[in-house]
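Enquirer: Make a model of this:
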Amino acid sequence: MIPDDIIEQVREAADLVGIIGEHVELKRTGADYRGPCPFHGGTHRNFAVIPKKGMFYCFVCHEAGDVFTFFMKKLGMDYPTAVREVARRVGVTIPERPGPTGPDPREPLYQAVATAADWYARQLRESPEAEIARKYLGSRHVTMEQAQLQGLGYAPRGPEFLTAMKGLGLREEVLLEAGLLVKREDAKNLIPRFRARLLFPIHDLRSRVVAFSGRVLGDGEPKYLNSPESPVFHKGKLLYNLHVAKHAMRKAERAILVEGQFDVLRVTLAGIEEVVAPLGTGLTEDQAALLQRHTPHVILLYDSDDPGLRATFRAGDELLRHKLRVSVATLPEGEDPDTIVERKGIAALEQALKDAVDVLERKIQILERKGFFGSLPGRRRALDRLLPTIRAAADPITRELYISRVAEAAGIRKDVLERETTGNGERGMVTKPTHSPVPIPGMPANAEKSLLLLMMSGEPWRSRVKDAVDSEEFEFGPYRLIFESLADDAPDRLDETAARAYEALQAEGLTDEQADIVFERSVNRLEARRLDREIDRINRSIPFASDDEKAKLATEKLRLAAERNAKRPTYGIIQSARRKGAPGS
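Expert: All right, here's what the predicted structure looks like:
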């Protein structure tokens, strides 16, 4: 067994042009090298060696891979032998370590996905049905040559895929385990998982294709469909394009994190290589750790609309927990990384990256623009939004700088803010929601659940709930994820626990109670809960305030209490009964 970090060291040290140049007469063409293909015996220069990506590709026979793949395909070596041969050439010693012997039991899955990737890519090039995909790529200014270099493919609408895979000797049970087939609802027949979709191959760190993300062409849901989890694919542990971007990230000492595959494609084709994207979910802890291994600095390049900003700050907090430096690049309203390159060119994108500001500073800019710092309650609400980012900063110097900056912006004493940032366990503090492993039937039956059931009933309730409450008001982790996925129409963002909760809610459905009454009562309860937290924080702030500030805080507390009681009229009666030991709530 060869350690992964040693394999990476060998790959990076290898002179791809020099090694392939021993077998192919290469000539420089721009940043790449071209020559006749050594695999199909071509005489024209259709074979490209691309040092920036560490890969080769033939535009005729479509053989592709890295330096190890070249030895495997050209000289018939297996993977470990190819790694050892390249290591010998570059002078890297491979340490021996004990481990299981024999073939990897996952090898049939890797082979199945690789075979599918080649077949899908051929469909995109040759199938008459794929004309819709070719036209779509053309409308997005992606040439077929560029699509081939990225390994894009097309999944036909019919059963051709299954027929082709059987003809190549692949068994149905292997295709099912690899996530390439799904069972029909009758549980008798198997059908292709991807149908009538443009496919983006997903690679692991060894550049092996392990899954796909399929974009629907025309009508249909979901817009993007990922392969399911499998023994070779765990979407929360991989980043799209990292197998290529990691080399550029180390050289540039930065990573650019975008939301989707097309954003990656557009930015990469514009010449910026260090760009990656999560796989249809919010950034996970494992993905943040992957970035930490390859770069000290991440620039978040998400959409600037409300869902994009929410995703930006969630990702920023996760990256700060891994001691990364995090910046936010702001795009003009209505633009995303794909459209800004298409409409305004690479110079506009480069300028946006150059103007990127620290993630906390970006939060402060937005709050200032919305006038949060102009009033006492506004400042309190601003702090509620800034405190999670301060707490997320694992680097002590970054946290100290954040505390100083927020104290200055909010007009609060630094020592008070420091106490607040370390008070994670105190009653009423807003903490990072956890994707709780709470067993499903242990879901709380509360206002959050009622609002989700309304949203799941369709329009107009989905829009009404989305406009009335913010995801930060959802304290139960799975409920928050479900709310965000419904609000953004992105069901593939759910993790396993949230997906189970979603299914349970679907099975339960709405009660017979009038929807308007449920909506008003639930929104009021969430608002009353928020006011409770504000009152609780004022109570903790009063002992540290000056006399003038105490008077203002007391007045503000009375106003909030009156507002809370209006939202929850039975509040005083219930609290009185509880103090007297009476049952009920």
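Enquirer: from what I can see residue 37 touches residue 58, true?
Expert: Yes: checked against Cβ atoms under 8 Å, the pair residue 37 and residue 58 is within contact range at 4.4 Å. C-beta here means a position set from N, CA and C on the backbone, and glycine is covered the same way.
Enquirer: Can you pull the phi/psi pair for residue 510?
Expert: When read as degrees, to the nearest 10, the backbone of residue 510 gives phi -70, psi 150.
Enquirer: Could you list the low-pLDDT ranges of the stretch 51-200 of the chain?
Expert: By pLDDT under 70, the weakly predicted segments of the stretch 51-200 of the chain are 96-103, 186-187.
Enquirer: mind redoing it with 80?
Expert: For the stretch 51-200 of the chain, the stretches with pLDDT under 80 are 76, 95-104, 184-188.
Enquirer: so what's in contact with residue 37 and residue 58 at the same time?
Expert: 46-47 (Cβ atoms under 8 Å, 6 or more residues apart in numbering).
Enquirer: Which residue of these two possesses the greater neighbour count?
Expert: residue 37 (22 against 19; other Cβ atoms under 10 Å).
Enquirer: Distance check, the more buried one against residue 115.
Expert: Taking Cβ to Cβ, to the nearest Å as the measure, residue 37 falls 21 Å from residue 115.
Enquirer: how about the helices in the stretch 401-550 of the chain?
Expert: Assigned by DSSP state H, counting those that start in this stretch, the helices in the stretch 401-550 of the chain fall at 414-421, 447-456, 461-468, 477-487, 496-508, 515-541, 547-567.
Enquirer: so how many other residues sit close to residue 520?
Expert: When neighbours are counted by other Cβ under 10 Å, residue 520 registers 12.
Enquirer: For it, give its distance to residue 352.
Expert: To residue 352, residue 520 is 42 Å away according to Cβ to Cβ.
Enquirer: swap in residue 507?
Expert: Distance of residue 507 to residue 352, computed by Cβ to Cβ: 45 Å.
Enquirer: For those two, indicate the residue with more neighbours.
Expert: It is residue 352, of residue 507 and residue 352, that has more neighbours when counted by other Cβ under 10 Å, with 19 against 7.
Enquirer: quick one: the residue lying closest to that one once chain neighbours are set aside from residue 355, how far?
Expert: Spatial nearest neighbour of residue 352, excluding adjacent residues (Cβ to Cβ, 6 or more residues apart in numbering): residue 329 at 4.7 Å. Distance, residue 329 to residue 355, using Cβ to Cβ: 7 Å.
Enquirer: Show the contacting residues for residue 196.
Expert: With contact set as Cβ under 8 Å, 6+ apart, residue 196 has these partners: 155-157, 216-218, 220.
Enquirer: I'd like to know which elements the strand or helix carrying residue 351 is packed against.
Expert: Following DSSP states H and E, one finds residue 351 within helix 346-354. Applying 3 or more Cβ pairs under 8 Å, 6 or more residues apart in numbering; DSSP states H and E, we find helix 346-354 packed against helix 337-344.
Enquirer: which residues in the stretch 1-150 of the chain form strands?
Expert: Using DSSP state E, counting those that start in this stretch, the strands of the stretch 1-150 of the chain run over residues 27-29, 32-35, 47-50, 55-58, 64-65.
Enquirer: ok now the first one, how far from the chain's centre?
Expert: The gap between where strand 27-29 is centred and where its chain is centred comes out at 37 Å by Cα atoms, centre = their mean, to the nearest Å.
Enquirer: which residues of the stretch 401-550 of the chain score low on pLDDT?
Expert: Using pLDDT under 80, the flagged stretches of the stretch 401-550 of the chain are 422-445, 458-459, 471-472, 488-500, 503-504, 506-513, 540-541, 543-545, 547-548.
Enquirer: redo that, cut-off 70
Expert: Applying pLDDT under 70 to the stretch 401-550 of the chain picks out residues 423-443, 489-493, 496.
Enquirer: returning to that earlier point: what would the helices of the stretch 401-550 of the chain look like in TSV with distance to residue 360?
Expert: TSV is the format used below for the helices of the stretch 401-550 of the chain (distance: least, Cβ to Cβ, whole Å):
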stretch	distance to residue 360
helix 414-421	12
helix 447-456	28
helix 461-468	27
helix 477-487	22
helix 496-508	28
helix 515-541	20
helix 547-567	25
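Enquirer: Which of these sits closest to residue 246?
Expert: Among the helices of the stretch 401-550 of the chain, helix 496-508 comes nearest to residue 246, with 27.4 Å by Cβ to Cβ.
Enquirer: list the helices and strands the closest one packs on?
Expert: With contacts taken as 3+ Cβ pairs under 8 Å, 6+ apart, helix 496-508 sits against helix 447-456, helix 477-487.
Enquirer: Buried residues, it. List them.
Expert: Neighbour counts over helix 496-508 (16 or more other Cβ atoms under 10 Å) mark 497-502, 505 as buried.
Enquirer: Relative to residue 234, which of the helices of the stretch 401-550 of the chain is closest?
Expert: Across the helices of the stretch 401-550 of the chain, the minimum distance to residue 234, taken as Cβ to Cβ, is reached by helix 496-508, at 11.2 Å.
Enquirer: Specify the beta-bridge partners of residue 55.
Expert: Assessed by DSSP bridges, residue 55 has beta-bridge partners residue 50.
Enquirer: shouldn't it be in contact with residue 63?
Expert: No: using Cβ under 8 Å, residue 55 is not in contact with residue 63; the gap is 10.9 Å.
Enquirer: Neighbour count: those two, which is higher?
Expert: Neighbour totals were compared for residue 55 and residue 63, and residue 55 leads with 21 against 18 (other Cβ under 10 Å).
Enquirer: related to what we said a few turns ago, who's in contact with the helix holding residue 351?
Expert: So helix 346-354 is contacted by 256, 267, 270-272, 299, 301, 329-331, 337, 340-341 (Cβ under 8 Å, 6+ apart).
Enquirer: What is the most widely separated pair among those?
Expert: Applying Cβ to Cβ across those, the maximum distance is between 271 and 330, 21.2 Å.
Enquirer: So which of these two has more stuff around it?
Expert: residue 330 (19 against 12).
Enquirer: which secondary structure elements does whichever strand or helix holds residue 291 contact?
Expert: Residue 291 belongs to helix 285-294 when assigned by DSSP H and E. If you count contacts as 3+ Cβ pairs under 8 Å, 6+ apart, helix 285-294 packs onto helix 242-252, strand 255-257, helix 306-320.
Enquirer: okay, those, which one's buried deepest?
Expert: Across the helices and strands packed on helix 285-294, averaging neighbours per residue (mean count of other Cβ atoms under 10 Å) puts strand 255-257 on top, at a mean of 28.
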